[in-house]
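In: When you get a sec, could you give me coordinates for this:
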Amino acid sequence: MQEQIFHLQYAMDTFYFLVCGALVMWMAAGFAMLEGGLVRSKNTTEILTKNFALYAIACLMYLVCGYQFMYGGGFFLTGIEAIDVDATLAGFAERENGFTGKAIYSKASDFFFQVVFVATAMSIVSGAVAERMKLWAFFAFAVVMTGFIYPMEGSWTWGGQAVFGLYTLADFGFSDFAGSGIVHLAGGAAALAGVLLLGARKGKYGKDGKAHAFPGANMPMATLGTLILWLGWFGFNGGSMLKLGDIGNAHGVAMVFVNTNMAAVGGALAALCMSMLLFRKADLTMVLNGALAGLVAITAEPSTPTPLLATVFGAVGGVLVVCSIIGLDKLKIDDPVGAISVHGVVGLFGLMIVPVTKESASFTGQLVGAATIFFWVFATSLLVWYVLKLVVGIRVTEQEEYDGVDRSECGIEAYPEFVASSK
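Out: Sure, this is the predicted structure:
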């Protein structure tokens, strides 16, 4: 009877893990649509190419070395080892809590779930450097980010390893349920490093220092992308429960789904109100980023807040992202899609509110964890971007930027019927 229960729980937890991983993989489509809608039409094909290819790069690099750096799980060049059923059964039989005491799933499903998170972190970078970065320089950075930079900080957080052998974040009470810091703050830090070296788009900031609006080409596409991301986030946060095979965890998964949804609702409505207050207009781009900010804010701990509190957290994230986008423009930090604000700034906020509802977490621990993630990712990313800038260059020419990187980088226009022919 125990063996049958084990097999059933193993199958349920593994299947749940895989389905959630597939939802997170679908977020790649969300990022592609969102960024494709928010850039100008002459840069659409290139941003779509970046999002499609970075997913493939992330999967390959995490397979070859990333998972090894993060969890010490081997290079996986000969396949993922099968579970030893007899040994696993014996091990669980010895546990006081029986088969429901811990998540049990295929190691292959764990790798799949982790690799889509790596791709998500890299997708954050693509939008921030849009419209003026060389395509292959971006791909070169993606190799290092997904194969080394992200896995190393992941080994200190989810992997539980000591930071350069000096300290462990667990000792400080650091907690990041699904990755507000580990994924989103990391992606924002890498994006910020790239943007600072890359510089603003030509004409973005006038001599008076004021930002000039560069409207996105396709708001329906951007809206669809945001809704896809909203859907994928249920896998992002829900899958981080790691298991489904008992009553307690099934209830926990349901609460994570509810809180995730309500945080996005709070973020969207708060951003809508902020845009009306500041601009006297219902700015759709702010509303979309507000929803994403709410999702990022709740990601660090979606299991412990009440739904009302999750809505409040999301709303604060929505207000924060609007203020951050405006603030970065005043600093002349050009981020075409608001990725640094949504994922970096609000990712930090998400980490810092965890102790509000989770007693085992501490503000000191969250601050130490956030600082560790940010400084590691920012410093290493800045170094990689700088080396690429010296060796191959990271920015297209002024003429290529004026014509649009679709022509120079891809040779294909996304909307050939609506723009001047390149011939």
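In: Wasn't Ala217 part of a helix?
Out: No. Under DSSP: H, G, I helix; E, B strand; the rest coil, Ala217 sits outside any helix and is assigned coil.
In: out of everything not next to it in sequence, what's closest to it?
Out: Ser41 (3.8 Å; Cβ to Cβ, 6 or more residues apart in numbering). Heads up, the C-betas are built off the backbone N, CA and C, glycines and all.
In: for Gly344, same thing?
Out: Gly188 (2.2 Å).
In: so who does the one you found touch?
Out: 124, 339-340, 342-345, 347 (Cβ atoms under 8 Å, 6 or more residues apart in numbering).
In: quick one on the thing from earlier: how many residues are close by the residue nearest to Ala217?
Out: 17 (other Cβ atoms under 10 Å).
In: go on, Ala297?
Out: Ala297: 35 neighbours (other Cβ under 10 Å).
In: continuing past the helix or strand of the chain with the lowest mean pLDDT, what's the next helix or strand?
Out: Across the helices and strands of the chain, mean pLDDT, DSSP states H and E gives its lowest value to helix 85-93, namely a mean of 51. As assigned by DSSP states H and E, the chain's next helix or strand after helix 85-93 is helix 107-128.
In: quick one: that next one to chain centroid distance?
Out: 8 Å (Cα atoms, centre = their mean, to the nearest Å).
In: List the buried residues in that helix.
Out: 107-128 (16 or more other Cβ atoms under 10 Å).
In: Just say helix, strand or coil for Asp334.
Out: coil.
In: start at 22 instead
Out: Sounds good: first residue 22 from here, last item Asp355.
In: how about the strands in this protein?
Out: For the chain, applying DSSP state E gives no strands.
In: Low-confidence regions, it specifically.
Out: Residue ranges of the chain with pLDDT under 70: 22-23, 94-126, 440-444.
In: Correct me if wrong: the residue nearest to Ala238 contacts Glu438.
Out: No. With contact defined as Cβ atoms under 8 Å, Ser62 does not reach Glu438; the gap is 10.9 Å.
In: So which other helices or strands are in contact with the helix ranked longest in the chain?
Out: The residue-count maximum for a helix in the chain (DSSP state H) belongs to helix 23-59. Helices and strands touching helix 23-59, by 3 or more Cβ pairs under 8 Å, 6 or more residues apart in numbering; DSSP states H and E, are helix 65-82, helix 106-114, helix 128-149, helix 240-259.
In: From Met48, how far off is Leu305?
Out: From Leu305 across to Met48, the span is 20 Å (Cβ to Cβ, to the nearest Å).
In: Those two: which is more packed in?
Out: Neighbours were counted for Leu305 and for Met48 using other Cβ under 10 Å; Met48 has more, 25 against 17.
In: Hmm, that one is touching Trp251, no?
Out: No. Using Cβ under 8 Å, Met48 is not in contact with Trp251; the gap is 9.5 Å.
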